[in-house]
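*Asks:* fold the following for me, if possible:
(one chain, ligands or ions: 2)
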Amino acid sequence: TDTERSLVIVKPDGYARGLTGEVLRRIEAKGYTLVALAVTTPTREQLAAHYAEHEGKPFYEPLVEFMSSGAVTTAVIEGQECIKGFRSLAGATNPTDAAPGSIRGDLGRDWGEKVQKNIVHGSDSPESAAREIGIWFPGL
Ligand code: DAT
Ligand code: MG
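*Replies:* Numbers count the residues shown, from 1 in each chain. Ligands and ions are numbered 1, 2, ... in the order given. Have a look, this model is predicted:
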């Protein structure tokens, strides 16, 4: 019961630092299943759809710029309450605040007023997950 799917992105900082395997290792160690996996360089169109809720905020443009700056790994994961569970694995948005043991707490370091390079994205609700999976894996 409560089996969910979530959309995970290893962002350009995480990809460039070679942390894709480490993120996927933590997802699998937790017991979540990989349903889909890809390496891609996001288009501005995909990012505008993905980050629609943040349009107009001061960090929006730098965020889209950062996210389109290089390759990322996108994944659909599945498991019991994996939406909340992956966000727990990811940790707080600001890597400085993120708890040790979390992906951002253990591995994140780069942050600033304009954009937070915090290694991973994870969907924040079932509605977001369905919308985001449609953007990155339209066939799924
Ligand atoms: P999360 O990625 O934890 O779901 P979010 O959805 O609020 O956080 O924001 C999306 C991304 O935008 C986040 O990962 C990093 C960036 N961001 C958010 N708030 C920010 C802020 N106050 N300053 C700079 N970047 C920010
Ligand atoms: Mg978010």
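
*Asks:* tell me the SS of the residue most central in space within the chain?
*Replies:* Centroid-nearest residue in the chain: His121, 1.6 Å away (criterion: Cα atoms, centre = their mean). For His121, the assignment made with DSSP: H, G, I helix; E, B strand; the rest coil gives strand.

*Asks:* residues near the residue nearest to it when sequence neighbours are not counted, how many?
*Replies:* Leaving aside its sequence neighbours, His121 sits nearest to Ile9 (Cβ to Cβ, 6 or more residues apart in numbering; 4.0 Å). All C-beta atoms are positioned from the backbone trio N, CA, C, and that covers glycine. Ile9 has 23 neighbours, counted by other Cβ atoms under 10 Å.

*Asks:* just use 42 as the starting number from now, easier for me
*Replies:* All set: I'll call the first residue 42, so the last point we hit is now Ile50.

*Asks:* ok now do Ile50, which residues does it touch?
*Replies:* Ile50 makes contacts with Val113, Thr114, Thr115, Ala116, Val161, His162, Trp177, as judged by Cβ atoms under 8 Å, 6 or more residues apart in numbering.

*Asks:* residue contacts, the fifth one?
*Replies:* Which is Val161. Contacts for Val161 were tallied using Cβ under 8 Å, 6+ apart; they are Val49, Ile50, Val51, Lys52, Gly55, Val64, Ala131, Ile144, Arg145.

*Asks:* can you name the helix or strand that the second one falls in?
*Replies:* Read it as Ile50. According to DSSP states H and E, Ile50 maps onto strand 44-51.

*Asks:* buried stuff in the helix or strand that contains Ile174?
*Replies:* Remark: Ile174 resides in helix 167-177, with elements defined by DSSP H and E. By neighbour count on 16 or more other Cβ atoms under 10 Å, the buried set for helix 167-177 is Ser169, Ala170, Arg172, Glu173, Ile174, Ile176, Trp177.
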